[in-house]
Structure formats: structure tokens, C-alpha cells
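Q: Quick one, what's the 3D model for this:
(one chain, ligands or ions: 1)
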Amino acid sequence: MSDTARTTRVPTTTELLEDQPKNWGKWGSDDEVGALNYLGSREALAGVGEVRQGKTFTLQVQIGNPKGDPTFPGPRGPARRVNIMDRGVYLGGAGPEVEGDAQFADDMIIMYLQGSSQYDALGHLWCGDQIYNGYPAETTTGGMKKASILPIAEKGVVGRGVLIDMACYRGKRWLDKGETFDHTDLVAAAAQQGVEIRKRDILLVHTGWLEYFYNTPRETFYDNFNEPGLTYSPELVAWFNDMEIPNLVTDTIANEVTHDPVSGVWLPLHNALMRNLGVTFAEIIALHELAEDCKDDGQYSFLYTAAPLKVVEGTGAPVNPIVIK
Ligand code: UVW
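A: Alright, predicted model coming up:
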């Protein structure tokens with residue numbers, strides 16, 4: 001529903017999720033990786049068991065792609081990479097003197113940790129006064145003292161991945177702005193693809209949205225920004241919880257429809273799944289090539305591995321996941 005058509009008050013996220021389940025304390029009062037606790041050696045071997053062809057895929061988008069870096073609207077912007085040392089510096093006479101005649105190039109990057117393919121820390125987004133596991137929201141001030149990206153990066157993510165191609169299921173190159181789907185669509189698409197979503201699977205959902213980003217003028221992409229994606233319902237939350245899904249991986253910037261069309265609430269699944277259940281979110285993940293390949297060979301399950309960078313107190317960190325079929 002558009003904002004103009006809405007006649008009822010948009011509830012607070014806290015009100016919307018009042019009766020919803022939480023996994024706080026389930027893995028201890030000091031837990032910081034949430035549903036990734038579901039991934040152990042058995043789940044890693046289940047992923048390895050899907051390797052049949054030796055095909056590999058890297059799922060990071062390019063940082064500094066000339067067509068732009070897809071970022072959530074607001075203060076975030078593209079990455080800036082700056083050369084500090086190169087041949088030009090030597091030609092200008094400013095190269096460092098070293099023993100021998102070796103020269104080198106060097107650079108630095110300034111970027112939003114959430115501004116490219118990335119994992120969210122479990123404490124990245126919250127409602128009320130508490131982040132994941134009940135830690136006070138004040139622990140985010142000046143750097144995340146709790147539920148930062150670091151514990152996720154230290155653990156890593158390894159398991160059986162399943163790709164659900166929602167764009168293909170809907171017969172589209174990419175889903176429309178604000179287009180929604182839910183867990184029943186995921187299950188139906190999986191059945192059509194001939195793959196089973198199993199308990200503790202890492203879910204990869206292809207919407208085609210990054211293809212839309214790279215093939216659309218920036219103004220059009222950001223006009224009335226409302227990404228397609230999963231949409232909130234208590235049944236969907238229960239499904240994620242019952243299925244013990246450790247990680248949701250999508251090719252959108254925020255893993256869910258931006259505005260819940262029923263309540264109007266902004267990004268409710270960040271709270272319902274990430275904050276409350278501890279489901280990790282991986283965003284802006286390049287799934288186009290993998291989806292094309294799955295369509296070709298009919299293999300939609302594989303070994304999925306990923307480890308975001310180990311940024312102390314980070315709200316998230318860039319990642320280049322690897323899939324092996
Ligand atoms: C926001 O922080 C708004 O979203 P994301 O989780 O996509 O970074």
C-alpha cells in the first residue's frame with residue numbers, strides 16, 4: 001500500500017513484533033553469532049556432500065564498478081579508492097629510497113562497510129532499546145561492543161546452500177519495485193526447481209535486483225526506492241525459526257521489501273529475523289551468474305562458504321562468498 005493510500009497509523013516496529021519469537025539467551029547470555037550456531041561440522045559436511053562438479057563461483061560485486069556501487073539510500077555512497085604510491089610518484093621524484101631498485105604501487109579505500117557485498121552484524125539494526133540477545137542499544141555507541149561483525153567473521157559461514165530463483169519463478173529478469181514473496185513462495189519455487197529446502201540450509205534468493213541496478217539509470221533505480229523481497233508475517237518468522245535457517249543471502253541491498261505493504265513498517269524482517277532470531281543477513285550478493293548456471297545444470301544446492309572481514313566493533317563487513325558445486 002502506498003503512503004498516500006494508507007489510512008491507519010503505521011505501528012512502531014516494537015508494536016508490530018510484540019508477540020514474535022526471540023532466540024535471546026538460547027545460545028547463552030554472551031552469544032553474538034545467533035543462528036550461525038546451527039552450523040557445525042555436520043552442516044559443513046552436508047555442504048561438502050553437494051559438491052559434484054568442481055565448479056566454483058565468487059559472489060562479491062565489484063567494489064568501485066564504473067557503473068556504481070549499489071548502496072542503501074541515505075548517507076551511504078560509493079567506495080573511493082585512492083592511489084598513494086605508483087609509477088607517477090616515482091616519476092615526480094617522490095618515491096621512497098630503498099636498497100636496490102624495486103618500486104611499488106599502493107592504495108587505500110574509503111568505503112561504507114555496508115556499501116558493497118557484506119554481512120550485517122547481528123547488532124546492526126534494532127528497535128526499542130535492545131539489540132540482538134537483549135544487549136542494550138547503547139553498546140552500539142562509538143563502535144559495536146556487542147554483536148559486532150567480528151564474532152561472525154571469526155566463526156565463518158559454511159554449509160549447504162540452496163539457491164531460490166524468484167526472478168525465474170515469476171518469469172522475470174528482475175522483480176519489480178516493492179514486489180513481495182514469502183516462505184510459501186520459496187518452497188513452491190524450490191519444488192519447481194527440483195530442490196528441497198532442508199533444515200539449517202543457507203538460503204540464497206535471486207531476485208535479479210542487482211542486474212536491474214547495473215542496467216538502469218541511477219535516478220530510475222532510486223526513484224521511490226522500495227526493493228523487492230521477502231515480506232513480514234508471523235508465519236514467515238515461524239518458518240525461519242522452525243527451519244533453523246542460519247543465514248539469508250540475497251542480491252538486494254537490504255534482504256527484504258523495504259516497506260512492509262501491510263503495516264507500512266520499514267524493514268521489519270531486520271528486527272523479526274536478525275535482531276529477534278539471530279538470523280545473519282548477507283546483502284548485495286552477486287547471484288546472477290550462479291542463477292544462470294543453476295538454470296543450465298539443474299543443480300540448485302551446493303557448498304556455500306563465506307567469511308566477512310574481521311573488523312573490530314564493525315556494524316558489518318565486506319565479503320566475497322564462494323560457492324562450490
Ligand atoms: C540498512 O541499514 C538500512 O540496511 P542494510 O541492512 O541493508 O545495510
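Q: Distance-wise, check the residue of the stretch 101-250 of the chain at minimum distance from the ligand relative to residue 297.
A: The ligand sits closest to residue 114 of the stretch 101-250 of the chain, with a gap of 4.1 Å, by CB to the nearest ligand atom. Glycine gets a C-beta too; all of them are placed from N, C-alpha and C. According to CB to CB, to the nearest Å, residue 114 stands 33 Å off from residue 297.
Q: Could you check which of these two has the larger neighbour count?
A: Neighbour count, other CB atoms under 10 Å: between residue 114 and residue 297, residue 114 has more, with 23 against 11.
Q: In space, what's closest to that one - neighbours in sequence excluded?
A: The shortest distance from residue 114 to any non-neighbouring residue, by CB to CB, 6 or more residues apart in numbering, is to residue 316 (4.7 Å).
Q: Any idea how many residues pack against that neighbour?
A: 27.
Q: pretty sure it contacts residue 308?
A: Yes. Counting by CB atoms under 8 Å, residue 316 does reach residue 308; the two are 7.2 Å apart.
Q: which residues do those two both contact?
A: Here residue 316 and residue 308 have 118, 119, 149 as joint contacts, going by CB atoms under 8 Å, 6 or more residues apart in numbering.
Q: which SS state does residue 88 fall under?
A: Assigned with DSSP: H, G, I helix; E, B strand; the rest coil, residue 88 falls in the helix class.
Q: now it: how far from residue 80?
A: According to CB to CB, residue 88 stands 18 Å off from residue 80.
Q: cool, and residue 234?
A: Counting by CB to CB - residue 234 and residue 80 are separated by 43 Å.
Q: now swap in residue 200 and tell me
A: On the measure of CB to CB, residue 200 and residue 80 end up 39 Å apart.
Q: Over to residue 73?
A: From residue 73 across to residue 80, the span is 18 Å (CB to CB).
Q: what's the answer for residue 204, then?
A: Noted for residue 204: a distance of 30 Å to residue 80, by CB to CB.
Q: For those two, indicate the residue with more neighbours.
A: It is residue 204, of residue 204 and residue 80, that has more neighbours when counted by other CB under 10 Å, with 27 against 11.
Q: for the closest residue to the ligand within the stretch 201-325 of the chain, what are its contacts?
A: The ligand sits closest to residue 254 of the stretch 201-325 of the chain, with a gap of 3.4 Å, by CB to the nearest ligand atom. For residue 254, the contacting residues are 72, 227, 229, 267, 270, 283, by CB under 8 Å, 6+ apart.
Q: secondary structure class for it?
A: Using three-state DSSP, the secondary structure recorded for residue 254 is coil.
Q: Please tell me I have it right and residue 111 contacts residue 63.
A: Yes. Taking contacts as CB under 8 Å, residue 111 lies within contact range of residue 63: 6.6 Å.
Q: who's more crowded, these two?
A: residue 111 (19 against 16).
Q: Tell me who's in contact with the closest residue to that one other than its chain neighbours.
A: Distance criterion CB to CB, 6+ apart; nearest residue to residue 111, sequence neighbours excluded, is residue 79 at 3.5 Å. Going by CB under 8 Å, 6+ apart, residue 79 touches 63, 64, 69, 109, 110, 111, 112, 115, 116.
Q: now residue 79: how far from residue 115?
A: 6 Å.
Q: Find residues that contact each of the two.
A: Contacts common to residue 79 and residue 115, judged by CB under 8 Å, 6+ apart, are residue 69.
Q: Can you pull the domain assignment for the chain?
A: According to automatic domain parsing, the chain comprises the domains 25-75+112-324, 80-109.
Q: Make TSV out of the ones you listed and add mean pLDDT.
A: Output for these, formatted as TSV (pLDDT from 0 to 100):
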stretch	mean pLDDT
domain 25-75+112-324	97
domain 80-109	96
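Q: Looking at the ones you listed, which one is packed in the most?
A: Ranked by mean neighbour count, these are led by domain 25-75+112-324 with a mean of 19 (mean count of other CB atoms under 10 Å).
Q: Show me what the strand ranked longest in the chain packs onto, helices and strands only.
A: In the chain, ranked by residue count with DSSP state E as the criterion, the top strand is strand 157-165. Other elements packing on strand 157-165 under the criterion 3 or more CB pairs under 8 Å, 6 or more residues apart in numbering; DSSP states H and E are helix 41-48, helix 183-193, strand 202-206, strand 247-250, helix 288-297, strand 301-306.
Q: Please see if the helix or strand just after the last one touches the ligand.
A: Beyond strand 301-306 in the direction of the C-terminus, DSSP states H and E gives the next helix or strand as strand 316-318. No. Strand 316-318 lies out of reach of the ligand by CB under 6 Å from any ligand atom, never closer than 6.6 Å.
Q: Can you tell me what sits against strand 316-318?
A: 60, 63, 111, 113-114, 116-121, 124, 149, 153, 308-311.
Q: switch to 6 Å and redo it
A: Strand 316-318 is contacted from outside by 113, 114, 116, 118, 119, 120, 121, 124, 149, 308, 309, 311, using CB atoms under 6 Å, 6 or more residues apart in numbering.
Q: So what's the gap between that strand and the chain middle?
A: 10 Å (CA atoms, centre = their mean, to the nearest Å).
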